[in-house]
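A.B. asks: I'll drop the sequence and a predicted model, then ask my questions.
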Amino acid sequence: MRVGLAYNVKPADHPPHLPADAFEEYDSEATVGHLCDALVSLGHEVSRLGAGPGIIGALRENRPDIVFNIAEGEGGRCREAHVPALLEMLGIPYLGSDPLTLCVTLDKAMAKRVVSTEGFPTPKFRTFRSEAEVDDPGLAYPVIVKPAFEGSSKGVRLASRATSLPEVRSMVSFVTGRYHQDALVEEFIAGPEVTVGLVGNGVPRVVGVMEIVPKTVPHEEFVYSLEVKRDWENQVEYRCPPSFPAETVAEIERCAVGIYRLLGCRDFSRIDFRLDGNRVPQFIECNPLPGLSPGYGDLPIMAGKMGIPYTGLISEILSHALTRLGLKDR
Ligand SMILES: Nc1ncnc2c1ncn2[C@@H]1O[C@H](COP(=O)(O)OP(=O)(O)OP(=O)(O)O)[C@@H](O)[C@H]1O
Ligand SMILES: [Mg+2]
């Protein structure tokens, strides 16, 4: 098949006035290359589409049978929906979740509201538009302060865990001032952290439940922050399957599958939780565009630990999309 790849890559030169993690969600050229290689090895012809306005011309010139979309888009809480919305307008089938799911999940407060209405536990939260707006959030300390519409730990630092009102003010100022968006302040869940990889449609298949075990701090203080993700070899150990009792794993899987379906995820996603004092999985966020960098992205890492090589993972995700779209036998 002719597969078009929609993606954003980090710019070669980082503009000095922007935060160091301004393009953290974007892929590296290496990741795009690995994904292309995997698709070619599966027998497909791959065209690189990029993601900005230039994608319109690229699609007209060389209309693919399907677009493999990993584009994060540019600016605002609807940025991940730009490419899928365009593809829907042009009638081009694409892999992954639709614009509504991508928008709702990128806005973490919105996702938490939806998830909690169906009874899935998620930490209590407030949002603030500026430091001046911050009053006593009425939440139990510690809390975490993070950008409301980002991923890849963009804007999340070790200092994002705040234990007092002055610390909250300072981190709300950091988020709103440097990332130009609302700050989400939510109760900090101090137990173990897990991320769950899922693929498929209808009832998705759980690829793995992976525990992120901090190596240098107790999990009461652990934040899977930018500093940690950039130095993950020294900072964390990945345990997949995790070291929890079977009933805890079963409850994590039940929540992950339920939330995947509730949010309308398609083909693949990764959902993050932390366990509270009663080992109840508390929903942190859902990533319908999880990183696919081999050896760095949590989903490829967990697939590898479950015995699925990188190309096998990409093949399975594509196969689910083709079945969903009725393109399987072409
Ligand atoms: N309520 C919370 N309680 C405890 N830790 C939290 C909470 N919210 C976030 N964290 C910590 O901060 C990290 C980053 O938060 P979150 O997953 O929301 O950000 P992200 O940038 O979207 O992540 P990703 O890289 O998965 O896209 C989490 O992995 C977790 O370690
Ligand atoms: Mg996360």
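C.D. replies: Looks like it arrived, so ask away. Ligands and ions are numbered 1, 2, ... in the order given.
A.B. asks: drop to CA atoms for contacts and neighbour counts, all remaining ones
C.D. replies: Fine.
A.B. asks: what's the burial count for S97?
C.D. replies: A count of neighbours around S97, defined by other CA atoms under 10 Å, yields 23.
A.B. asks: before we move on, which element is it in?
C.D. replies: Assessed by DSSP states H and E, S97 sits outside every helix and strand.
A.B. asks: roughly how far apart are it and I301?
C.D. replies: Separation of S97 from I301 (CA to CA, to the nearest Å) stands at 21 Å.
A.B. asks: Just the element for the residue nearest to G295 when sequence neighbours are not counted, please.
C.D. replies: Spatial nearest neighbour of G295, excluding adjacent residues (CA to CA, 6 or more residues apart in numbering): I301 at 5.7 Å. Here I301 is covered by helix 298-305, with elements defined by DSSP H and E.
A.B. asks: can you pull the buried residues of whatever helix or strand comes next after that helix?
C.D. replies: Downstream of helix 298-305, the next assigned helix or strand under DSSP H and E is helix 310-325. For helix 310-325, the neighbour count (16 or more other CA atoms under 10 Å) marks 310-322, 324 as buried.
A.B. asks: Nearest spatial neighbour of the most centrally placed residue in the chain, chain-adjacent residues omitted?
C.D. replies: Nearest to the mean C-alpha position of the chain, by CA atoms, centre = their mean, lies N287 at 2.9 Å. If you skip the residues right next to it in sequence, N287 has R270 as its closest partner in space, 5.1 Å away by CA to CA, 6+ apart.
A.B. asks: mind checking the SS state of that neighbour?
C.D. replies: Assigned by DSSP: H, G, I helix; E, B strand; the rest coil, the conformation of R270 is strand.
A.B. asks: which residues does it contact?
C.D. replies: 195-198, 286-290, 299 (CA atoms under 8 Å, 6 or more residues apart in numbering).
A.B. asks: do the same with L39
C.D. replies: L39 neighbours (CA under 8 Å, 6+ apart): 45-46, 311, 314-315.
A.B. asks: what about it, distance to ligand 1?
C.D. replies: Between L39 and ligand 1 the computed distance is 24 Å (CA to the nearest ligand atom, to the nearest Å).
A.B. asks: residues near the nearest residue to K10 once chain neighbours are set aside, how many?
C.D. replies: Among residues not flanking K10 along the chain, Y26 sits closest, at 5.3 Å (CA to CA, 6+ apart). Per other CA under 10 Å, the neighbour tally for Y26 reads 22.
A.B. asks: for the contacts of R270, which one is nearest E187?
C.D. replies: C286 (17.5 Å; CA to CA).
A.B. asks: Can you get me a residue count around the nearest residue to S243 once chain neighbours are set aside?
C.D. replies: Closest residue to S243 apart from its sequence neighbours, by CA to CA, 6+ apart: E211 at 7.8 Å. Under the neighbour criterion other CA under 10 Å, E211 is assigned a count of 23.
A.B. asks: Surely E211 is in a helix?
C.D. replies: No - E211 is assigned strand when assessed by three-state DSSP, not a helix.
A.B. asks: Can we start the residue count at 9 from this point?
C.D. replies: Will do, 9 is the new start, and the previous item becomes E219.
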